[in-house]
Structures are given as structure tokens and as C-alpha cells.
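Engineer: let me see the structure of the following:
(one chain, ligands or ions: 1)
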Amino acid sequence: MTATAAPLASKLSTLLASRVVPVLRYTDAATAAYAAEVAVAAGCTTLELTWTIPGVTDLLRALRDKHGSALLLGVGTVLDEHHAREALVAGADFLVSPALATDIVDLAHAADALCLLGAFTPTEVLAARRAGVDVVKIFPADTGGPKHLAALKSVYPDTIFCPTGGVSQDNMGSYFAAGAAIVGIGSNLYDKAAFAARDTAALVAQIVRTREAAHG
Ligand SMILES: O=C(O)C(=O)C[C@H](O)[C@H](O)COP(=O)(O)O
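Structural biologist: Numbering: from 1, shown residues only. Got it, this is the predicted structure:
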């Protein structure tokens with residue numbers, strides 16, 4: 001991994017301190033915006049908005065206008081340079097790809113944004129490190145589970161890992177114990193019934209509990 005410049009170091013500190021990265025993947029922007037506001041109300045300092053949200057860059061800009069630079073905003077499911085450039089122009093603090101999209105690393109860093117690339121095998125983790133990523137996202141995490149992560153961590157102890165995919169409040173402790181610095185949680189983040197009912201108080205309380213458990 002490359003030495004991290006000052007703005008990147010600050011963003012990396014915020015990312016690591018957040019422990020849980022909410023991965024917001026919704027098919028409409030209004031639902032994604034609601035999910036984002038719940039997460040912020042619960043104290044989340046980092047949000048990942050997936051590229052698959054219609055109008056994702058408009059949502060990012062709206063969240064930035066409302067919450068300022070203290071909220072670390074990333075764009076996920078970045079697959080190519082086109083996605084990356086649009087996300088960076090909108091002000092993304094970090095880019096996340098499910099795969100080894102090594103062509104976006106330098107683009108991100110040139111814009112003072114962090115880059116998280118997906119890897120699963122030891123060979124892919126090495127390729128991600130050589131590309132200069134800030135964080136290696138282990139995706140899909142639940143295919144190998146915490147044991148898989150622990151094996152990768154044993155040979156790459158200085159790599160910052162973020163397992164994502166199938167992580168939940170119930171199993172995240174096993175990933176932290178296996179060497180995860182942070183975890184990404186998408187579909188398991190919100191109680192589905194409470195979310196469908198837009199029970200904001202219940203959802204905020206739930207995310208607060210998740211964050212407390214992650215910082216435990
Ligand atoms: O494409 C990306 O950048 C991703 O982050 C992929 C998935 O959206 C996450 O892995 C969330 O997965 P679940 O927590 O299982 O819902």
C-alpha cells in the first residue's frame with residue numbers, strides 16, 4: 001500500500017473510527033435518502049451509496065449540502081472509470097468496488113478520495129495491495145466467513161480489511177475477531193418490518209445498538 005497523504009489520512013481515520021459502514025442499496029432515491037437520514041440520526045459518520053441508486057450523485061450532493069464535510073460519503077459498486085469520475089466530481093470521499101477495479105485507484109487518490117477494492121483470494125488481496133488501495137474489501141464475505149478472513153489476515157497482517165456481503169449485527173463480532181478493521185452492512189442493517197413501516201425511532205435505536213456493539 002502507498003503512503004497516505006494528509007487529507008486521505010484524515011478520511012481514513014474517520015472511516016476506521018466508524019467501524020460499521022452502512023451500504024445503502026435501494027432502487028429509488030427517496031428510500032435511499034430516508035435510509036441515509038436514519039443512519040445519520042443514529043450517529044453514523046460514514047455512508048456508502050451504491051451506484052445502482054438512481055440519481056446517486058444528486059443524493060450525495062444533497063447529503064453533503066445538509067451534513068457538511070464531517071459526514072464521510074462514498075459511492076459503491078464502482079465498476080469503471082466513468083462511474084469513478086462521476087462520483088468524484090460529485091464529491092465522493094471514497095470509492096468502493098466489489099472487484100479489482102485497479103484503474104480507479106489513482107483517480108480516487110488524485111481527488112483526495114479513498115479507494116476500497118473488492119478481493120476474495122490471497123492473490124487478489126496482493127493485487128489490491130500492489131494497486132495501492134487504502135482498504136481491501138473482502139467480498140462476498142459470507143462465502144468464506146470469518147475463518148477465511150482470519151486466514152487472509154494471517155498472511156497480510158498490515159492490510160486493512162472490510163468484509164462486506166452477508167455481514168449483520170449478529171455476526172459482525174466474528175469478523176472483527178478475525179481481523180476486520182471495519183465491516184460493511186447492507187441488507188441486514190435495518191430491521192425490515194420497521195423499515196417498511198418507516199418507524200424511524202425504532203430504526204435509529206437499532207442502529208445505535210449496532211454501533212455500540214461494533215465499538216464494544
Ligand atoms: O457493490 C458493492 O460495492 C457492494 O458493497 C456490494 C453489496 O451491496 C454489499 O456487499 C452489501 O451486501 P449485503 O450486506 O449482503 O447486502
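Engineer: for the record, mean pLDDT for stretch 6-14?
Structural biologist: Averaged over stretch 6-14, pLDDT sits at 93.
Engineer: could you export that stretch as PDB, CA atoms only?
Structural biologist: C-alpha atoms of stretch 6-14 as PDB (Å, rounded to 0.1, in the frame of the first residue of the first chain):
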ATOM      1  CA  ALA A   6      -2.800  14.200   4.800                       C
ATOM      2  CA  PRO A   7      -6.400  14.600   3.500                       C
ATOM      3  CA  LEU A   8      -6.600  10.900   2.800                       C
ATOM      4  CA  ALA A   9      -5.100  10.100   6.300                       C
ATOM      5  CA  SER A  10      -7.900  12.100   7.900                       C
ATOM      6  CA  LYS A  11     -10.600  10.400   5.800                       C
ATOM      7  CA  LEU A  12      -9.100   7.000   6.600                       C
ATOM      8  CA  SER A  13      -9.200   7.800  10.300                       C
ATOM      9  CA  THR A  14     -12.900   8.700  10.100                       C
END
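Engineer: buried residues, that stretch. List them.
Structural biologist: By neighbour count on 16 or more other Cβ atoms under 10 Å, the buried set for stretch 6-14 is Leu8, Lys11, Leu12, Thr14. To be clear about C-beta, it is placed using only N, CA and C from the backbone, and glycine gets the same treatment.
Engineer: remind me which helix or strand Tyr34 belongs to.
Structural biologist: Here Tyr34, judged by DSSP states H and E, is contained in helix 29-41.
Engineer: ok, Leu47 next?
Structural biologist: Using DSSP H and E, Leu47 falls within strand 46-50.
Engineer: other SSEs contacting the next helix or strand after that strand?
Structural biologist: Per DSSP H and E, strand 46-50 leads on to helix 56-67 as the next helix or strand towards the C-terminus. In terms of contacts (3 or more Cβ pairs under 8 Å, 6 or more residues apart in numbering; DSSP states H and E), helix 56-67 is packed against helix 29-41, strand 46-50, strand 72-76, helix 81-89.
Engineer: could you look up the SS state of Gly132?
Structural biologist: Recorded secondary structure, Gly132: coil (DSSP: H, G, I helix; E, B strand; the rest coil).
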